[in-house]
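In: Predicted model and sequence follow; I will ask about them next.
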Amino acid sequence: MLFVRSRSRFLRWCRPSFATAALLATLAFSGRAGAAPIVREGDVPPGDPDHFFIDFDVPAGIEEIEIRHDDRSDANILDWGLDDPDGYRGWGGGTSEPVIVNAQAASRAYVPGPIKPGKWRVVVGKAKVVASPAVYHVEIDLKAAATLAPVPRAPYVPPPPRKTETRFYAGDFHVHDRESTDSDATIEEIVALAKQRGLDFVELSDHNTITQLDFFNEFHAREPGFLLLPGIEFTTYDGHANAIGATQWVDHKIGQPGVTISGAADAILAQGAAFSINHPALDLGDQCIGCAWKHDLDPSKISAVEIATLGVRGAGRIFSKQAIAFWDGLLAKGFHVAPIGGSDDHKAGREKSFLPNPIGNPTTLVRARELSAAAIVEGVLAGATVVKLGGPTDPMIDLEAATTKDGEALAFVGATLGARSIVLRVKVSGRPPGEEHQLRILKNGEPFGEPIDVTGDPFAYEIVVDAPAQGEDRYRAEVLLEGDPLTVTSHIWLKLDPAGPVAAAPADDGGCNASGSAPPWTAALLLLVGVAAWRKGKERR
């Protein structure tokens, strides 16, 4: 998410004419390297596409480039990035901070590297253009010597698994550090808060950049039990997506030649990453540019949906309801899409606005074979997730499929199972004291019977369900607080396999279905099986 905040802008002090500004800038900066800055200014091109470019030539012998930019407006917002002759060199978004790049160092969200001679360009995004005239002003210093000191960086290397057991791991899939220029959270602060809240991992999903990866190795060496998960918040003006596990930059300038949302999703998936949609229903207009999802994308490319942002124990509740409806719409079309949650924290828990969103609110549990980037992404792609919509202290739900109440599990959340009937087993645990919860089972997105009071901790419930004659049914479990979802599981999908297993009805009330009676098809089948067994036993006597 990118909330619009008031921003200080250079050269705002007297709003001089462009000619005067260019002269003043030349006088102010001409002494730096013995040459005046290159000045580019003009009107923002109207209409589509959403991005345009300001070209400039870099001769041989240049060691550093500094770029200062301004949209000269309190109403309009332009986004800024940089390309070198080979392509992407960084994306600063709506920041007013200058951009500096050299061989060994770069401003945050930008990539250090050789200053190659040739055609460079400033990338400009029309984030918000509502006032006329809409203009841009750019000054470019080409320096013969580097001035920005480097900080320690290293190419990202996936660390060894932080833990090696198959279980649910708790994390936050939507966190920003300082490589998002609208964030001031350090990785140290992020890791400290995440560990304090009991998380095993966080995804640093910075806006349209992967420069945060340069700092992962150091923290993995220092924190052997914690995982920093690579990712990108793929931010466009018609929706934000999450490239979970991505380590390669993907072009976000939708509408430029060859740049489409479908192609971007393909490029993310081709890395073995998951493509998730962030806060799909968060439509706040100009207060959150492009946050609501409006792209037309083949649902088969969508791996997950962020069904909770900000946490539901506050203002995020209304957005979560709409996001769950969006997710259910994809499921109803037959697509197996995982639910996840993300805090969208930009301040490591220091946010004091009307929408506070500390890391872990919400928390996503991923059932994975180990705590590694590859295994967490595999878990998301498999749909093996449970979302605590409020935060890490919300109740946990374990949802399994089996053939008997106490038998070995056949499947867990995210699985598709072929059978004639199964026992759905639900366990609710870790309930906060003093809260009254209910358990609700949903079949194909609709309540399957009445909610059930959760009366213990842990609390167990079982129900026998039959496979449909055609297609597949999907089942999930939810814990409700005051009638609204607080914890939501992914689904178990059930389809008919005539040769598949048959469930034995539990002997107590937990074996009743949602309407309070045993399923008639299952009961009849069990009766026939029992009669056949009695006859065989009698023949052997």
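Out: Sure, I can see it.
In: going forward, measure contacts between C-alpha atoms and count neighbours the same way
Out: OK.
In: Would you map the strands across the stretch 251-400 of the chain?
Out: Assigned by DSSP state E, counting those that start in this stretch, the strands in the stretch 251-400 of the chain fall at 274-277, 304-309, 338-342, 363-368, 385-388, 396-402.
In: Ok, which of these comes nearest Lys427?
Out: strand 396-402 (5.1 Å; CA to CA).
In: about what we covered before: please produce TSV containing the strands of the stretch 251-400 of the chain, extended by mean pLDDT, distance to Arg68 and mean neighbour count.
Out: TSV is the format used below for the strands of the stretch 251-400 of the chain (pLDDT from 0 to 100; distance: least, CA to CA, whole Å; neighbours: other CA atoms under 10 Å):
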stretch	mean pLDDT	distance to Arg68	mean neighbour count
strand 274-277	98	33	26
strand 304-309	96	34	29
strand 338-342	97	33	31
strand 363-368	98	39	28
strand 385-388	98	43	31
strand 396-402	98	50	24
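In: Reformat these as a markdown table; add distance to Lys495.
Out: Putting these into a markdown table (distance: least, CA to CA, whole Å) gives the following:
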| stretch | distance to Lys495 |
| --- | --- |
| strand 274-277 | 25 |
| strand 304-309 | 22 |
| strand 338-342 | 19 |
| strand 363-368 | 22 |
| strand 385-388 | 20 |
| strand 396-402 | 13 |
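In: Relative to Lys163, which of the ones you listed is closest?
Out: Among the strands of the stretch 251-400 of the chain, strand 363-368 sits nearest to Lys163 (CA to CA), with 10.3 Å.
In: so that closest one versus strand 338-342, what angle?
Out: Per axes from the mean of the first three to the mean of the last three CA atoms, to 10 degrees, the angle that strand 363-368 makes with strand 338-342 is 140 degrees.
In: Mind giving me the packing neighbours of strand 363-368?
Out: strand 167-175, strand 338-342, helix 373-381, strand 385-388 (3 or more CA pairs under 8 Å, 6 or more residues apart in numbering; DSSP states H and E).
In: Redo the ones you listed as a markdown table? Include distance to Arg72.
Out: Converted to a markdown table, the helices and strands packed on strand 363-368 look like this (distance: least, CA to CA, whole Å):
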| stretch | distance to Arg72 |
| --- | --- |
| strand 167-175 | 31 |
| strand 338-342 | 34 |
| helix 373-381 | 43 |
| strand 385-388 | 43 |
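In: ok, back up a step: please identify which of the strands of the stretch 251-400 of the chain is closest to Asp251.
Out: That would be strand 274-277 among the strands of the stretch 251-400 of the chain, by CA to CA, at 14.3 Å.
In: Within its sheet, name the partner strands of that closest one and how each one runs.
Out: If you go by DSSP bridges, strand 274-277 pairs up with strand 239-244 (antiparallel), strand 304-309 (parallel).
In: CA atoms only for the last one - export them in CSV, please.
Out: Included here for strand 304-309 are C-alpha records, laid out as CSV according to Å, rounded to 0.1, in the frame of the first residue of the first chain:
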residue,chain,number,x,y,z
ALA,A,304,-3.1,-16.0,-3.4
VAL,A,305,-5.2,-13.1,-2.2
GLU,A,306,-4.4,-10.9,0.7
ILE,A,307,-7.7,-11.3,2.6
ALA,A,308,-6.7,-9.1,5.5
THR,A,309,-4.6,-5.9,5.6
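In: Noted, bye for now.
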